[in-house]
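>>> Take a look and give me a structure for this.
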Amino acid sequence: MYDPTRLAALVAVAEAGSITRAAERLGYTTPALSQQLAKLEREAGTALLVRHHRGARLTGAGELLVARARRVLDEMDRARHELARLAGLSGGILRLGTFQTAGIHLLPPVLSAFHRAHPDVELTVADYEPPDGIAAVAAGRVDLALTHSYEPAEPVPLPSAVSAEPVLVEELVLVTAPGHALTSGSSRLPLTGLAGRQLISMAPDHPARQGVEAALARAGATPSVLVATPGYALVCALVSAGLGVAVVPEMVARTAATPVSMRALEPGDLRRTISVVHRTDETAPAADAFRALLRGAFGRAAQQN
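The predicted structure is shown next:
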């Protein structure tokens, strides 16, 4: 294995045409550089330079080794630059997955802050309805994914080398059309207060909502409209039109595009947890920096709610 420092010395002599001039270029004394070249020749087992009164020239073996040395040194320089960009977050791509609510209401300010701090990192965003983002991270299709889980519900198992970091826990709340009697009070409404009420239901066969739907059914809420896909914008629009009431995450209620009224529920144990999913078996400075921004941004969102 040839020492890269000695290879660089040989290349410098080839370019300068003189050991003395190469030493000046590299910041060595002439004797020190000569010693490096002598060691390289011993490693190569043959003469690499012919010294003469005007300087030095390469032998055939020297020309062959210089050609290879340039390739090796170029690759090493490229590796150094790439590692520097990675460590300094001055290049590369960060691939993100998100679901609709977080993508619309929480992700944009975090993306903006990250782009201001690291403008050379390219960002891509893909839509993954939970829990699909978990599989996308495990398969390497994205570096990070925002996902959610509900309580009560069976936990979603995580693949090996994948971890989920909770960043925001929010209650589920009742939403009604504006002026509805159920949302006229300021205290928490017992879940039994939904008995006999027409419910815009988030499809009981949707895994994330099964536990919540079961709790609502036990309280006596009667499904009037089933929304087969997890689209909260549609749910709130139907509620606003007076077709029934619904139980949705507080963030959804506060950011609904259509007018709705909101009321907290008792005992308050219906919740949604938003988490960021990432791999634990590789170093990813850009992903780590983005996760730190997420923690700050989601924490502020929780305080505002």
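>>> so who does Leu65 touch?
2, 7, 10, 44, 48 (C-beta atoms under 8 Å, 6 or more residues apart in numbering). Any C-beta I mention is one placed from the backbone N, CA and C, and that applies to glycine too.
>>> Quick check, pLDDT for the last one.
This means Leu48. For Leu48, the pLDDT comes out at 93.
>>> Sort out which one of the contacts of Leu65 lies nearest Leu238 for me.
The closest of those to Leu238 turns out to be Leu7 (C-beta to C-beta; 71.6 Å).
>>> Now that closest one. Nearest residue, chain neighbours left out?
Ala69 (3.9 Å; C-beta to C-beta, 6 or more residues apart in numbering).
>>> and if you look at Leu194?
Leu194's closest residue in space is Ala221 (C-beta to C-beta, 6+ apart), at 4.2 Å.
>>> Neighbours of the one you found, how many?
Ala221 sits with 26 neighbouring residues when counted by other C-beta atoms under 10 Å.
>>> Then the one 3 residues further on?
In terms of burial, Ser224 registers 14 neighbours under the definition other C-beta under 10 Å.
>>> what do you get for Val50?
Val50: 11 neighbours (other C-beta under 10 Å).
>>> Isn't it up against Ala56?
Yes: counting by C-beta atoms under 8 Å, Val50 touches Ala56, with 6.6 Å between them.
>>> Nearest residue to the middle of this protein?
Leu144 (3.0 Å; C-alpha atoms, centre = their mean).
>>> give the contact list for it.
94-97, 137, 276-278, 287, 290-291.
>>> and what of Pro4?
Per C-beta under 8 Å, 6+ apart, neighbours of Pro4: 72-73, 76.
>>> Could you find the closest non-adjacent residue to His39?
Not quite, residue 39 is Lys, not His. Arg6 (6.2 Å).
>>> Show the residue spans covered by the strands in the stretch 151-300 of the chain.
162-176, 189-190, 198-201, 222-226, 246-249, 261-263, 265-266, 271-279 (DSSP state E, counting those that start in this stretch).
>>> and the ones you listed, which one is worst for confidence?
Ranked by mean pLDDT, the strands of the stretch 151-300 of the chain bottom out at strand 222-226, with a mean of 86.
>>> Using CSV, write out every CA atom in that strand.
Extracted as CSV, the C-alpha positions of strand 222-226 are listed here (Å, rounded to 0.1, in the frame of the first residue of the first chain):
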residue,chain,number,x,y,z
THR,A,222,-74.6,6.4,15.7
PRO,A,223,-72.7,6.5,12.4
SER,A,224,-74.6,8.6,9.8
VAL,A,225,-71.9,9.0,7.2
LEU,A,226,-68.9,6.8,6.7
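>>> name the helices or strands packed onto that strand?
strand 198-201 (3 or more C-beta pairs under 8 Å, 6 or more residues apart in numbering; DSSP states H and E).
>>> same for the strand it packs on, what does it pack against?
By 3+ C-beta pairs under 8 Å, 6+ apart, strand 198-201 packs against helix 210-218, strand 222-226, helix 232-240, strand 246-249.
>>> from the chain's centre, how far out does that strand sit?
Put simply, strand 198-201 sits 35 Å off its chain's centre (C-alpha atoms, centre = their mean, to the nearest Å).
>>> one step back: now the residue nearest to Lys39: how far from Ala22?
Noted for Arg6: a distance of 12 Å to Ala22, by C-beta to C-beta, to the nearest Å.
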